[in-house]
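**Student:** the following comprises the amino acid sequence and a computationally predicted model.
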Amino acid sequence: MRNNRGRRFDDEPKLNIKKVIATILAFVVLVMVIASIIMIINKKNKQQILNPGVTKYFSAYVDSKWSVINSRGEQLTNIVYDEMLIIPDETKSIFIATYDVDYTNGSFKTKAINEKNEQLFSEYNNVAAIVNYTSLDDVWYDTEVLTFEKDGKYGLIDFSGKQVLPAEYEEITALQGITKTVVIKKDGKYGLFNSVSKTKFLDENYTSISAFGDTYNAGYIITDTNSKLGLVSSEGKIILENKYDGIDKVSGSDMYVVSEGGKKELITKDGTVVLNAGFEEITSIDGDYLLIKNIGKYGVIDKAGTVIIDTAFDSMKSCFSGMYIVSTAGKYGVIDLAKNIRVEIKYTNIEYRSDIASLVCENEDFTTDVYTRDLNLVFTGTIAKADAEKGYIRARVGDEYKYYNLQYQEISNIEALKNNTLFLVKENGKYGYVNNKNEKVVECIYDDAREQNEFGFAAVNKDGKWGVLQSNGAVLLEPSVVLDNNIHIDFIGQWHLNENGELNTYTK
């Protein structure tokens, strides 16, 4: 087209020159635009490989100061504080900074800032995160709401800065180990607030509130001003009225275990007594069968009180339907309701993993035998990671890592880690990496190594020191870091996880 158009103006040389110059300029501009687009695409692709998904943020400690890094390993150098930055939600650029700390009287101030170190929600005083933790002291934060202070009282805002609860409460705290649940205290009494729906679902009428189970769905035990206990659902609906001296954290088949007048009873939610004799404690309800404890020993009865399994075991927990993990003389095994031994009573411990439908049985040598739901032995080794959401289990078997799907069929790491660009391989006792076509990308020269993490970085070890590879296998950090005291080895860029891995903070 350009050649044909040029020939049309052969009899007008001045006009032709202008057209040629214009064409050249247009071509140059077009090339520059295309080049810019390619650069942007390449940069975007590189960032996507290094950091698939959204950007995440982590507290980082360096040069005796606290800062923030993102999931590309970049430090936000404009953020520097003496105290650790709290990041309630790793996917949001909202960090809680502590400042004006006076250690003599224990006073301090808090505020919310963004990645530019700009204060957020400045109309609110002392904006802070709601801290929570499990029984294993694994610290985490509510990812939906933040507290603020006004005139010595506390209220709630969401992560956009909208007020969702006025500052009229004496205390606002998390319910230990339970998500979505915020405990509010007013005039010395407690109520409950759902941080996801942003609604108060239980008024402040109770002297204490505790979780009934391990999740918010299980409901809550509430104590009234007469020291009587009741039970409410996660929506605040009354399940058991406040008239009991005690409520055990046990339920099943719409039955509950309560105490009245010093005596335990099995009741339905309308208060009808099902059973009040033949047991000291009921530790679980499995359909018509009750796992009980008498004089320090465990057994099973039905809800009519008929003995199914004598109380003869030192411990007993239900696992798969109709089966129980039992222990005697310090050894663990599995029996069924017919008293048949289904897994030999020889282990130092047995853990029931409902998330991956398995029994993890510990041997004397600290390896584990892993059994499926049908009690087939799958492997002997150690489960390194179980990801039910992504559908795989990673296990150390002998001196190798193996992968299984949730049906315990062995699969490759390429099949398991679908988002990775590097996959760990081992040859002649050394580690390297291949790509998703099983083509060698990194030669097997490392003494130890980790699979690529979700941000695209792979930790490698040589001569007792750790380094980092990028998502294409290029060396980002030569092995130079000694991490002998770290239980978990993980890098984001050149930053490595702190020794105390539960805090999820990084340093270098």
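**Tutor:** Received it, and whenever you're ready, just let me know what you need. All of these numbers come straight from a predicted model, not from anything done at the bench.
**Student:** low-confidence stretches in the stretch 151-300 of the chain?
**Tutor:** The model of the stretch 151-300 of the chain has no residue with pLDDT under 70.
**Student:** what pLDDT does Gln47 get?
**Tutor:** Looking at Gln47, its pLDDT stands at 39.
**Student:** could you do the one 5 residues further on as well?
**Tutor:** Predicted confidence (pLDDT) at Pro52: the value is 53.
**Student:** likewise the one 5 residues further on?
**Tutor:** According to the predicted model, the pLDDT of Tyr57 comes to 98.
**Student:** pretty sure it sits against Gly73.
**Tutor:** No - the pair Tyr57 / Gly73 is not scored as a contact, 11.7 Å apart, by CB atoms under 8 Å. (Glycine included, C-beta is placed from N, CA and C.)
**Student:** got the contact list for Glu149?
**Tutor:** Tyr124, Asn125, Asn126, Ala167 (CB atoms under 8 Å, 6 or more residues apart in numbering).
**Student:** what's around Asp248, how many residues?
**Tutor:** 17 (other CB atoms under 10 Å).
**Student:** which residue comes closest to it once chain neighbours are left out?
**Tutor:** Val257 (4.1 Å; CB to CB, 6 or more residues apart in numbering).
**Student:** quick one: that neighbour is in a helix?
**Tutor:** No - counting by DSSP: H, G, I helix; E, B strand; the rest coil, one finds Val257 to be strand, located in no helix.
**Student:** what does the host helix or strand of Ile383 rub up against?
**Tutor:** Counting by DSSP states H and E, the element that carries Ile383 is strand 377-387. Residues from elsewhere that reach strand 377-387 (CB under 8 Å, 6+ apart): 353, 355-356, 358, 360, 363, 366-372, 392-398, 401-402, 404, 408.
**Student:** just the buried residues of those.
**Tutor:** 356, 358, 360, 367-372, 392-395, 397, 401-402, 404, 408 (16 or more other CB atoms under 10 Å).
**Student:** now, which of these lie within strands?
**Tutor:** By the criterion of DSSP state E, membership of the buried ones among the contacts of strand 377-387 in strands covers 358, 360, 368-372, 392-395, 397, 401-402, 404.
**Student:** residue boundaries of the helices in the stretch 1-150 of the chain?
**Tutor:** 2-7, 13-50 (DSSP state H, counting those that start in this stretch).
**Student:** bridged to the closest residue to Ile308 other than its chain neighbours, which residues?
**Tutor:** Leaving aside its chain neighbours, Ile308 sits nearest to Val300 (4.4 Å; criterion: CB to CB, 6+ apart). Taking DSSP bridges as the rule, Val300 bridges to Leu291, Ile309.
**Student:** now do the same contact list for Val300.
**Tutor:** Counting by CB under 8 Å, 6+ apart, Val300 makes contact with Tyr289, Leu290, Leu291, Ile292, Val307, Ile308, Ile309, Met316, Tyr324, Leu337.
**Student:** so who does the spatially most central residue of the chain touch?
**Tutor:** By CA atoms, centre = their mean, the mean C-alpha position of the chain lies nearest to Trp140, the distance being 8.6 Å. Going by CB under 8 Å, 6+ apart, Trp140 touches Val131, Asn132, Tyr133, Thr134.
**Student:** Gly161 sits in which helix or strand?
**Tutor:** Going by DSSP H and E, Gly161 is not in any helix or strand.
**Student:** how close does it get to Ile301?
**Tutor:** Using CB to CB, to the nearest Å, we find Gly161 at a distance of 56 Å from Ile301.
**Student:** what about those two, which has more around it?
**Tutor:** Ile301 (22 against 16).
**Student:** roughly how far does the more buried one sit from Tyr332?
**Tutor:** Separation of Ile301 from Tyr332 (CB to CB): 22 Å.
**Student:** likewise for Asn205?
**Tutor:** 44 Å.
**Student:** more neighbours: those two, which one.
**Tutor:** The neighbour comparison of Asn205 against Tyr332 (other CB under 10 Å) goes to Tyr332, with 24 against 13.
**Student:** what sits against the more buried one?
**Tutor:** Per CB under 8 Å, 6+ apart, neighbours of Tyr332: Ile325, Val326, Ile345, Lys346, Tyr347, Thr348, Asn349, Ile350, Cys361.
**Student:** helix or strand right after the host helix or strand of it?
**Tutor:** Assigning secondary structure by DSSP H and E places Tyr332 in strand 331-336. Remark: after strand 331-336, the chain's next helix or strand is strand 341-347, criterion DSSP H and E.
**Student:** got the buried residues for that next one?
**Tutor:** Buried residues in strand 341-347, counting neighbours by 16+ other CB under 10 Å, are found at Arg342, Val343, Ile345, Tyr347.
**Student:** any idea how far Ser284 is from the first one?
**Tutor:** So that's Arg342. Taking CB to CB, one finds Arg342 at 18 Å from Ser284.
**Student:** just the second one next, same as before
**Tutor:** When distances are taken as CB to CB, Val343 and Ser284 turn out to be 19 Å apart.
**Student:** make TSV out of the contacts of Val300 and add neighbour count.
**Tutor:** Putting the contacts of Val300 into TSV (neighbours: other CB atoms under 10 Å) gives the following:
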residue	neighbour count
Tyr289	20
Leu290	28
Leu291	23
Ile292	24
Val307	12
Ile308	16
Ile309	21
Met316	23
Tyr324	26
Leu337	15
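**Student:** which of these lies closest to Glu439?
**Tutor:** Tyr324 (49.6 Å; CB to CB).
**Student:** for the closest one, what are its contacts?
**Tutor:** Leu291, Val300, Ile309, Met316, Lys317, Ser318, Val334, Ile335, Asp336.
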